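A.B. asks: What follows is a protein structure lacking sequence information:
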């Protein structure tokens, strides 16, 4: 058996990973994003780049970049004729283009490190109970210049659907650069179109099946610019009703399927209600006089104390 035959046999034993990058108005950044995808040191990989009808020429740039590749077949390039929005776009791409057992998500403005996929697969292969994986990030500005390193206070290791998770107001877990086993999608299905984000929703889904692991390794260079959804001033502009509707439907399904107990599901439902009220108060504070903002803040503090007794 030649070395080439050995390598081919080894690749067959590795799970197929779908690297999915969604772009919208990322003309200034997609070259770096595509380069990050192509730099992966994992051999059994399909790269899917999908543009959501960007008016700034993003898709044309991607077309030109892909044409220059020596192995054009390794990149699946999609262009939506009409703008779908983040979640309908994600639903469409996963439902129509993904073939892998593992899905790695990337933003059209971020850069994945070369070992991101291989490290993700190593974690998933080491423990069947781990359903999703994230890692650390380097923060860069719009020019790609490093600004700071993600604070080390973010807990590494396994996250579980436990009392610690229940008794906090947020549904997020640490780490950036989410990847997950496709079984999440197979069990829960597409996200609701009105849900504005996949980030915390996919994490909750993963925790209701098994564990999420946060790697100590740096997975992405996360670019900060004026249009980041995750910027603090943009987070509270997200449709709270859409987020909590997704949480509630996923928790109900998990209870119906026996993934979580009824008692634990009821505790999650209480957490969702408190989370919803906390976000509503945060939105109400914007633009109000200091005295009114102070009253809303007191109410938020009360809610965050109540959640500890769920």
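C.D. replies: Good, I have the coordinates. What you are looking at is a predicted structure, and each value in this text was computed from that prediction instead of being measured. Numbering: from 1, shown residues only.
A.B. asks: gap between residue 272 and residue 83?
C.D. replies: Taking C-beta to C-beta, to the nearest Å as the measure, residue 272 falls 29 Å from residue 83. Glycine gets a C-beta too; all of them are placed from N, C-alpha and C.
A.B. asks: Also residue 127?
C.D. replies: Residue 127 is 39 Å from residue 83, where distance means C-beta to C-beta.
A.B. asks: can you check residue 112 too?
C.D. replies: 25 Å.
A.B. asks: More neighbours: which of the two?
C.D. replies: Higher neighbour count among residue 112 and residue 83: residue 112, with 26 against 13, using other C-beta atoms under 10 Å.
A.B. asks: Which residue, other than its chain neighbours, is closest to the more buried one?
C.D. replies: Closest residue in space to residue 112, ignoring its immediate chain neighbours: residue 36 at 4.0 Å, by C-beta to C-beta, 6 or more residues apart in numbering.
A.B. asks: Quick check: the gap between that neighbour and residue 295.
C.D. replies: Taking C-beta to C-beta, one finds residue 36 at 46 Å from residue 295.
A.B. asks: of these two, who's got more company?
C.D. replies: Between residue 36 and residue 295, residue 36 has the larger neighbour count (other C-beta under 10 Å), namely 20 against 15.
A.B. asks: so the more buried one sits right up against residue 115, yeah?
C.D. replies: No - between residue 36 and residue 115 there is no contact under C-beta atoms under 8 Å: 11.2 Å.
A.B. asks: in the stretch 201-310 of the chain, which spans are helices?
C.D. replies: For the stretch 201-310 of the chain, helices defined by DSSP state H, counting those that start in this stretch occupy the ranges 232-235, 240-256, 262-285, 290-306.
A.B. asks: Distance to residue 218 added to the ones you listed, as a markdown table?
C.D. replies: Listed next are these as a markdown table, based on distance: least, C-beta to C-beta, whole Å:
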| stretch | distance to residue 218 |
| --- | --- |
| helix 232-235 | 22 |
| helix 240-256 | 28 |
| helix 262-285 | 29 |
| helix 290-306 | 31 |
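A.B. asks: Out of those helices, flag the one nearest residue 192.
C.D. replies: Residue 192 lies closest to helix 240-256 among the helices of the stretch 201-310 of the chain, at 5.1 Å (C-beta to C-beta).
A.B. asks: same for the closest one, what does it pack against?
C.D. replies: Applying 3 or more C-beta pairs under 8 Å, 6 or more residues apart in numbering; DSSP states H and E, we find helix 240-256 packed against helix 183-188, helix 199-209, helix 262-285.
A.B. asks: Nearest to residue 16, out of those?
C.D. replies: Closest of the helices and strands packed on helix 240-256 to residue 16 is helix 183-188, at 14.0 Å (criterion: C-beta to C-beta).
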